[in-house]
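Undergrad: Fold the following, please.
(2 chains)
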Amino acid sequence: MNPTPATSTSAAFLATLRRDFLIAYKRKHDVVNPFMFFVIVVSLFPVGISPDPVKLAEIAAGVIWIAVLLASMLSMDSLYRADFEDGSLEQLLLSPHPLYFMVLAKNISHWLVSGLPVVLISPILAYMLNLPAAAYFTLLLSLLIGTPILSLLGSIAVALTVGLGSRGLILAVITLPMSVPVLIFGTLAVQASVNTMSPAGYLALMLAMLAAAISLGPLASAAALRISVD
Amino acid sequence: MWLWFAKLGSPKWFYELSSKWLPWLVGAMAILLSVGVIWGLLFLPPDYQQGYSSRILIVHVAVAGTSLAFFPLMAVAGTITLVWRMKLADMVAKNAAPLGAWFSFITLATGSIWGSVSWGTWWEWTDSRLVSMLFQFFLLLGVISLRSALEDSDKAAKACALLSIVGCINVVIIKYSVEWWNTLHQPSSPVSLSPDSPNGPEFWIATGIMILAVYLFLAVSLILATRNEILVRERQAQWVQDLVRQE
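TA: Next up is the predicted model:
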């Protein structure tokens, strides 16, 4: 039998959000590192492939999307780890509120802190990679829709492996193949804009995936957390 | 119905029942596999366009079709593990993952060999089925590595069950999103047993035999691996020790 909660679920949701923002503010390296990683990886491509602006324009969308994918995956590691180590994750599982909303709150705050900055800097990097100007807005939109999906997917894998000591690579092996649809539609949308076609169809499909990810992702993450922490 | 279901979860019951099934399954598999392989690879008339290389398809189509069964199989087994805590389901799921990875790998390998002759290329990114098979292969490797990373076998069972369910949904999404690319892979030819169809009825009969044979091979390997797993996990149980003493 569940004890009657002293607070409403929405209050607990907001409290979780607030707490995670505070922690992110105090542990800035968790926020800054994925961001720096993204900028550095993107700037390696012109050095590694070719400084030729025409060639760069061709690969710009894919390079930015893959760098976002990797940055998002690496940043996910911090989502539950500290909470798992200090025991507050267990408290979250024991709380009388639906775990779905608590996980969603953690996902939202994590995305706002580590996903959004990457999205916002991306037009500048797109400019450096000589992406045609017509596609900037689509790139921004597709990343705005796509990165939350990546976070919600990554959250499942992190929740499954939260008890493991070293898990950087296993996280990659699990998450990266699952991110393929997002990558496909993200780059297709940007390519459509480059070719002066409407990206609306691809973006709508990504929105559909986001809706599915928001409704199912936290459920799977919650189940995974219950498996990992017992 | 429920009694039967509960009985099926008992490793001992499965072990005894599968002992009775195995000779029949192995026999049927041996007959079908040798008929399919010998007839399909040595005597089937060459295709009017592809020549002898079409014989590779007999193996390729059968293995590819079977390899699609693994994620649904693991998802169903995973659901049973999570809902009813049935040990047997997890033993099946544990052995299905590496088998599925092998089947996917063989699909990719035979497809590449056939493609090198018929398409003139070993690998083609614009083809949706190649790419989605590749990612199915990667997802299966993910399940295997999660299993090996988690030491607690109960935790590993549940975690892999959940990942299999998520992966099963994901495979479908990947398949459809990859299909947005222009595809080179020929759509399945219409099945026809009439003698004037371009491939001739022999081709379809041989493929059908091979598909049955490969499914039986899958069943036999999975049952053998599961029996092995049962003996390992139940080694403390009285009936396993009795069994060992008998031999």
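
Undergrad: low pLDDT regions in chain A?
TA: A:1-5 (pLDDT under 70).

Undergrad: At the contact with chain B, which residues of it appear?
TA: Applying C-beta under 8 Å from any C-beta of the partner chain, one finds that chain A approaches chain B through A:156-157, A:160-161, A:163-164, A:167, A:170, A:173-174, A:176-178, A:180-181, A:184-185, A:188, A:205, A:209, A:216, A:220, A:223-224, A:227-228, A:230. Using the backbone N, CA and C atoms, a C-beta is placed for each residue, glycine as well.

Undergrad: I'd like the mean pLDDT over the helix or strand B:Lys94 falls within, please.
TA: Per DSSP states H and E: B:Lys94 is located in helix B:87-118. The average pLDDT within helix B:87-118 is 89.

Undergrad: wait, what's in contact with A:Met209?
TA: By C-beta atoms under 8 Å, 6 or more residues apart in numbering or on different chains, the contact set of A:Met209 is A:Ile149, A:Pro181, A:Val182, A:Phe185, B:Ile173.

Undergrad: Write the PyMOL selection for whichever of those residues are buried.
TA: With 16 or more other C-beta atoms under 10 Å in any protein chain shown as the criterion, this PyMOL line picks the buried residues out of those:
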select buried, (chain A and resi 149+181+182+185) or (chain B and resi 173)
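
Undergrad: element containing B:Pro23, please.
TA: Using DSSP H and E, B:Pro23 falls in helix B:11-38.

Undergrad: I figured A:Ile184 was touching B:Val178, is that so?
TA: Yes - using C-beta atoms under 8 Å, A:Ile184 is in contact with B:Val178, at 6.7 Å.

Undergrad: dump the residue contacts of residue 150.
TA: All of this refers to chain A. Counting by C-beta under 8 Å, 6+ apart, A:Leu150 has contacts A:Val68, A:Leu69, A:Ser72, A:Met73, A:Gly115, A:Ser179, A:Val182.

Undergrad: right idea, wrong chain: chain B
TA: Contact analysis of B:Leu150 by C-beta under 8 Å, 6+ apart lists A:Gly163, A:Leu164, B:Ala156, B:Ala159, B:Cys160.

Undergrad: Report the distance from the longest helix anywhere in chain A to the chain centre.
TA: As assigned by DSSP state H, the longest helix anywhere in chain A is helix A:200-228. In terms of C-alpha atoms, centre = their mean, to the nearest Å, the centre of helix A:200-228 is found 11 Å from the chain centre.

Undergrad: do the same with stretch B:129-140
TA: Centre-to-centre, stretch B:129-140 and its host chain are 14 Å apart (C-alpha atoms, centre = their mean).

Undergrad: just curious, which of the contacts of A:Leu150 is nearest to chain B?
TA: Of all the contacts of A:Leu150, chain B sits closest to A:Val182, with 8.6 Å by C-beta to the nearest C-beta.

Undergrad: Let me know whether that closest one touches A:Ser151 as I believe.
TA: No - the criterion here is C-beta under 8 Å, and A:Val182 misses it with A:Ser151 at 10.7 Å.

Undergrad: residue contacts, A:Ala24?
TA: Contacts here follow C-beta under 8 Å, 6+ apart; on that basis A:Ala24 touches A:Asp30, A:Val31, A:Ser109, A:His110, A:Val113, A:Ser114.

Undergrad: Please convert these to a markdown table, extending it with neighbour count.
TA: Listed next are these as a markdown table, based on neighbours: other C-beta atoms under 10 Å in any protein chain shown:
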| residue | neighbour count |
| --- | --- |
| A:Asp30 | 19 |
| A:Val31 | 16 |
| A:Ser109 | 20 |
| A:His110 | 25 |
| A:Val113 | 22 |
| A:Ser114 | 26 |
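
Undergrad: Check whether B:Arg235 sits in a helix, strand or coil.
TA: coil (DSSP: H, G, I helix; E, B strand; the rest coil).

Undergrad: Could I get the phi/psi values of it?
TA: phi -60, psi -20 (degrees, to the nearest 10).

Undergrad: B:Leu218 versus A:Met151, what's the distance?
TA: Careful, residue A:151 is Ser; it's not Met. To B:Leu218, A:Ser151 is 37 Å away according to C-beta to C-beta, to the nearest Å.
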